[in-house]
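Colleague: Kindly return the folded structure for what I paste below:
(chains A, B, C and D)
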Protein chains: 2
Amino acid sequence: MRNEVTLEDVAKAAGVHKATVSRALNPETQSVVNEQTVRRIVRVAESLGYVRNLTARSLRVQSTMTVGVVIPDLTNPIFPPMVRGIENYLAKHGYTVLLADTDESEDEEKEAIRSLAERRVDGFIVATGADNHETIPRMFDQGIAVVLANRGAGAVPYPLVTGDDEDGMRQAVEHLHRLGHRHIVHLAGPENFSTTRIRAREIVRVCGDLGITCDVVPVENLRVDAGTSAVDRLLDQPWSFTAIQASTDLLALGALRSIRAHGLSCPGDISVIGFNDMPFAAEFSPGLTSVKVPLDEIGAEAARLLVTRLQEGKNSPRVVTLPVRLIVRQSTGPASSR
Amino acid sequence: MRNEVTLEDVAKAAGVHKATVSRALNPETQSVVNEQTVRRIVRVAESLGYVRNLTARSLRVQSTMTVGVVIPDLTNPIFPPMVRGIENYLAKHGYTVLLADTDESEDEEKEAIRSLAERRVDGFIVATGADNHETIPRMFDQGIAVVLANRGAGAVPYPLVTGDDEDGMRQAVEHLHRLGHRHIVHLAGPENFSTTRIRAREIVRVCGDLGITCDVVPVENLRVDAGTSAVDRLLDQPWSFTAIQASTDLLALGALRSIRAHGLSCPGDISVIGFNDMPFAAEFSPGLTSVKVPLDEIGAEAARLLVTRLQEGKNSPRVVTLPVRLIVRQSTGPASSR
DNA sequence: TAAACTTGTGCAATCGATTGCGAGTTGGCG
DNA sequence: CGCCAACTCGCAATCGATTGCACAAGTTTA
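Modeller: The predicted structure follows:
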C-alpha cells in the first residue's frame, strides 16, 4: 500500500551496493561517486519511484530536520502570521514544522512538548511562555534547543524574539496625549505573561512622564469576551476616562463592542487603541488604531536563531527586539470634553 | 546535549532486558509483564528521564503517527479554524500534524508533499485541491491515504469534506430576493477550484429560478485586492446591480473597500454578502452578511475520516457535506431604487 | 508423578539509511 | 616495470525500539 521502494531495491536494480546509492542520491556525497553511475542510479531511482525514508535517516544521523512550534491557539489571529514566518524560513533550510496548540493550559503544553520531544524534533519555537510554567526551565536543563517567540518565560536564558513593547507603548500614549487625552484606561492581560506585564508597566511609566492619569484594569485572559466584560464593568459605573489602551487587539475589540453596546461612540465618546495590529484590524468598525508588531518577522527571526543554533551550535543573543510602529486609524480622536 | 537515555539504559538500570522495558512501557503489552517489574521499570525510566524515541519506533512499526496537512496559506483566515479542528481531533488519537503551506503554487505543493512523504506521514489532509494539479491523482495511484478538505481535486476518488455550497448559495440568494434585489453580481473565484466553481454554478441556477439577473464576474485569485479591483472595474462604468455576492469573504471585503472608495454606501447603495463567515466578519464595517461554513467541523471530520481509514483500512464515503447557515448582518439591506 | 499449561523474560532479527574503513582498479610518473 | 595516488565502490556496524519465538520456572491437571 505504501511506498516500499528502498535503497536496497534501487541498488539491486542499478547493479550496485546500497551504500553507493545512498551516496549518489545525497548532494553532499555525490562527488565521490562516478558521474556515470550517479546518472544511472538517479534514473533507476526515479523510474522506481524511490522516495527517501527520513525516518530511517533520522535514526542514523540523530537529526530529524523538524522543529516543534508550540503556540497557545492558532485561531488567535496574531499566530498565523508568526507561524507563516517561521515556516517560510525553515522550509528554505530543509526543516518542516510540527505544530501544537496548548490553549494556554500548562498541562496541554507539557503534553505537547513531550509529544514533540518523542518525535525527536531538532528544536523548539515556543510562544506559550509564562513565568510560572516549569516546562521550559526543565528543557533548558536538558540542553534542548529552544527559541522563545513573543513571550518570555521567566528567567530562562533562552533567546527571546519580540516586538519593542516599550517603544510601542510610548508611541501609543504620545498619540493619545497629542489628541488631548489626560485620563486613560489600560486593559492589562494576565500578570504571568511577560508581554502583557511589560506593556502595563510601560504605559504607567510613560503616562507618568506625560502627566496622564492611567488606570490599569486587569483582564483575566486575552479573549474578546473578557475585554468586553471588563469594559462593561467600567461603563456601568460613573467613569471619567476618555480613551482605552488595550494590551491586545482582541481586548480592544472587546472594548469596541462594549462601547457600542452602551450606546456610546468610538472615538466620539471614547478612543480605543490596540496592540499588535492583527490582520483585518483595519476593517473593524471603526478601523482600529493599533501598534503594528511585525509578527511574521518575529517568526522568521525566531526560526533564524534556532537554525543557527542547530547548525553552528552557538547560542544567540539573549533577546532580539524588533521595531514597531503606531498605525493610526479611526478608533482614536480628540478627547471628548465631559 | 540531547536526551540520550535509551531503552537499553533503562533496562540495565532496572536489571532486565530491553525487550522487557519496551513491553512494560507500552500500555498495549504491559499486561504480559509482571506487575512488580512494571512498577520498577516505570520508576527507573522516570528517574532517568527516559523519553521514548518515536523515530526508532516508526522505523520498526512502519507508522509515524503524524499526518501531513497541506493548505494554501495559513494567513487566509479560513484555515486556522480548520487546522485547529484537525489538530484537536488528531491529538486525541495520538497523531501530530506536520504543516505545510503552498501559496497556491503547484510546484510548492509538490515540494511540500514530497517533503512530508519523505518523513513518512501516515496520511494527508489536503486543502489545496485544484482540478488541474497532477500531484493528488498520482498519490492515489500510489495508494497513499488522503482526505480532501474544502476543495475537491478533479476526478480523484478521495473522500472530500466540504460545506454545503449549494444550500448556502440558495440561502444567500433567497435572502437578497426577499430584500427586493433583482440584479446582482457574483464575484467568482478561479475556475479550477471546485468550491468557487460550484458556487458560481449554483448562484446562476438559483437566480434563474427566482427570476434574478446575475452577472458572474471572474476574479483571478482569492485575495482582497483582487476583489477590490474587480469591483473597481464594475463601478468605474455605468452599473445597475444592487447587490454583490462574493465567492469568499475576502473578496467581499475587497468589494466593501471598493464601494467605500467610490463614495457609495453599503448597504444603502449596494448590498454585499460573503461566503465562509471568516472569523471577525462580524466586526467589519458594516458587519458582513455571510454564509457560515463550519470550518472547524470540516477539519475535525476530515481528520476523523483519515483516522478511520488509517486504523480500519476501509475507505470512507466519497463526499461529506456539512450544513451551512446564512448569518445576516449589516452589509445587506433593501434594494436601492436607482 | 509426569504431562500440559501459564507466566515472565530473554534472544535476536528487523525496520532503512548512513558512513568509516578498506580493497580493487586505473593511470601517471620516475 | 614498479610504486603510489586518486577514484570508485562494497562491507558491515550502527541508530533505538519492537516482536515472534524460545525457554525457564512455577502451577494445574490427569
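Colleague: Run through chain A and note the low-pLDDT ranges.
Modeller: Across chain A, the ranges flagged by pLDDT under 70 are A:1-3, A:338.
Colleague: Would you map the helices across it?
Modeller: Counting by DSSP state H, the segments of chain A that form helices are A:7-14, A:18-25, A:35-48, A:54-61, A:79-92, A:106-118, A:135-141, A:165-178, A:194-210, A:224-235, A:249-261, A:295-312.
Colleague: As JSON lines, those with distance to residue B:284 and mean neighbour count would be great.
Modeller: Using the backbone N, CA and C atoms, a C-beta is placed for each residue, glycine as well. Converted to JSON lines, these look like this (distance: least, CB to CB, whole Å; neighbours: other CB atoms under 10 Å in any protein chain shown):
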{"stretch": "helix A:7-14", "distance to residue B:284": "55", "mean neighbour count": "18"}
{"stretch": "helix A:18-25", "distance to residue B:284": "52", "mean neighbour count": "19"}
{"stretch": "helix A:35-48", "distance to residue B:284": "50", "mean neighbour count": "15"}
{"stretch": "helix A:54-61", "distance to residue B:284": "44", "mean neighbour count": "18"}
{"stretch": "helix A:79-92", "distance to residue B:284": "18", "mean neighbour count": "22"}
{"stretch": "helix A:106-118", "distance to residue B:284": "32", "mean neighbour count": "18"}
{"stretch": "helix A:135-141", "distance to residue B:284": "38", "mean neighbour count": "17"}
{"stretch": "helix A:165-178", "distance to residue B:284": "24", "mean neighbour count": "21"}
{"stretch": "helix A:194-210", "distance to residue B:284": "27", "mean neighbour count": "19"}
{"stretch": "helix A:224-235", "distance to residue B:284": "15", "mean neighbour count": "19"}
{"stretch": "helix A:249-261", "distance to residue B:284": "12", "mean neighbour count": "24"}
{"stretch": "helix A:295-312", "distance to residue B:284": "21", "mean neighbour count": "21"}
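Colleague: Can I get those in CSV including distance to DNA strand D?
Modeller: Putting the helices of chain A into CSV (distance: least, CB to the nearest atom of the strand, whole Å) gives the following:
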stretch, distance to DNA strand D
helix A:7-14, 7
helix A:18-25, 3
helix A:35-48, 4
helix A:54-61, 3
helix A:79-92, 24
helix A:106-118, 9
helix A:135-141, 18
helix A:165-178, 42
helix A:194-210, 35
helix A:224-235, 43
helix A:249-261, 42
helix A:295-312, 18
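Colleague: Turn the ones you listed into a markdown table, including distance to residue B:321.
Modeller: Output for the helices of chain A, formatted as a markdown table (distance: least, CB to CB, whole Å):
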| stretch | distance to residue B:321 |
| --- | --- |
| helix A:7-14 | 42 |
| helix A:18-25 | 44 |
| helix A:35-48 | 39 |
| helix A:54-61 | 36 |
| helix A:79-92 | 27 |
| helix A:106-118 | 32 |
| helix A:135-141 | 41 |
| helix A:165-178 | 46 |
| helix A:194-210 | 42 |
| helix A:224-235 | 30 |
| helix A:249-261 | 32 |
| helix A:295-312 | 35 |
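Colleague: Format those helices as TSV; extra columns: distance to chain B.
Modeller: As requested, the helices of chain A are exported to TSV (distance: least, CB to the nearest CB, whole Å):
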stretch	distance to chain B
helix A:7-14	13
helix A:18-25	12
helix A:35-48	12
helix A:54-61	5
helix A:79-92	5
helix A:106-118	5
helix A:135-141	9
helix A:165-178	20
helix A:194-210	20
helix A:224-235	9
helix A:249-261	6
helix A:295-312	8
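Colleague: out of the ones you listed, which comes closest to residue B:153?
Modeller: Across the helices of chain A, residue B:153 has its closest neighbour in helix A:79-92 (22.4 Å, CB to CB).
Colleague: Report the angle between the closest one and helix A:295-312.
Modeller: Angle, helix A:79-92 to helix A:295-312, by axes from the mean of the first three to the mean of the last three CA atoms, to 10 degrees: 30 degrees.
Colleague: can you count the residues close to residue A:181?
Modeller: 27 (other CB atoms under 10 Å in any protein chain shown).
Colleague: and if you look at residue A:180?
Modeller: Neighbour tally, residue A:180, other CB under 10 Å: 14.
Colleague: what residues are up against it?
Modeller: Contact analysis of residue A:180 by CB atoms under 8 Å, 6 or more residues apart in numbering or on different chains lists A:242, A:334-335.
Colleague: repeat that for 10 Å
Modeller: Contacts for residue A:180 were tallied using CB atoms under 10 Å, 6 or more residues apart in numbering or on different chains; they are A:242-243, A:271, A:333-337.
Colleague: Kindly report the same for residue A:258.
Modeller: Per CB under 10 Å, 6+ apart, neighbours of residue A:258: A:227-236, A:244, A:264, A:266, A:270, A:272.
Colleague: Swap in 7 Å and give it another go.
Modeller: Applying CB atoms under 7 Å, 6 or more residues apart in numbering or on different chains to residue A:258 gives the contacts A:228, A:231-232, A:235.
Colleague: Now do it against residue A:252, distance only.
Modeller: Residue A:258 sits 11 Å away from residue A:252, going by CB to CB, to the nearest Å.
Colleague: Could you do residue A:317 as well?
Modeller: 31 Å.
Colleague: beta partners of residue A:244?
Modeller: residue A:185, residue A:272 (DSSP bridges).
Colleague: wait, isn't residue A:133 in contact with residue A:106?
Modeller: Yes - applying CB atoms under 7 Å, one finds residue A:133 in contact with residue A:106, separated by 5.4 Å.
Colleague: now the contacts of residue A:180 in JSON lines, with distance to residue A:310 and neighbour count?
Modeller: Formatted as JSON lines, the contacts of residue A:180 follow (distance: CB to CB, whole Å; neighbours: other CB atoms under 10 Å in any protein chain shown):
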{"residue": "A:242", "distance to residue A:310": "50", "neighbour count": "23"}
{"residue": "A:243", "distance to residue A:310": "45", "neighbour count": "31"}
{"residue": "A:271", "distance to residue A:310": "46", "neighbour count": "28"}
{"residue": "A:333", "distance to residue A:310": "49", "neighbour count": "20"}
{"residue": "A:334", "distance to residue A:310": "52", "neighbour count": "13"}
{"residue": "A:335", "distance to residue A:310": "51", "neighbour count": "20"}
{"residue": "A:336", "distance to residue A:310": "54", "neighbour count": "16"}
{"residue": "A:337", "distance to residue A:310": "58", "neighbour count": "6"}
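Colleague: now, among these, which is nearest to DNA strand D?
Modeller: residue A:243 (57.0 Å; CB to the nearest atom of the strand).
Colleague: With adjacent residues omitted, what lies nearest to that closest one?
Modeller: Nearest residue to residue A:243, sequence neighbours excluded (CB to CB, 6 or more residues apart in numbering or on different chains): residue A:271, at 4.0 Å.
Colleague: Return the residues in contact with the one you found.
Modeller: Neighbouring residues of residue A:271 by CB under 7 Å, 6+ apart: A:176, A:179, A:181, A:242-243, A:331-333.
Colleague: and DNA strand D, which of the contacts of residue A:180 reach it?
Modeller: The subset of these within reach of DNA strand D, by CB under 7 Å from any atom of the strand, is empty.
Colleague: Make a markdown table from those and add distance to residue A:285 to it.
Modeller: Shown next, in a markdown table, are the contacts of residue A:180 (distance: CB to CB, whole Å):
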| residue | distance to residue A:285 |
| --- | --- |
| A:242 | 20 |
| A:243 | 18 |
| A:271 | 15 |
| A:333 | 14 |
| A:334 | 19 |
| A:335 | 21 |
| A:336 | 19 |
| A:337 | 24 |
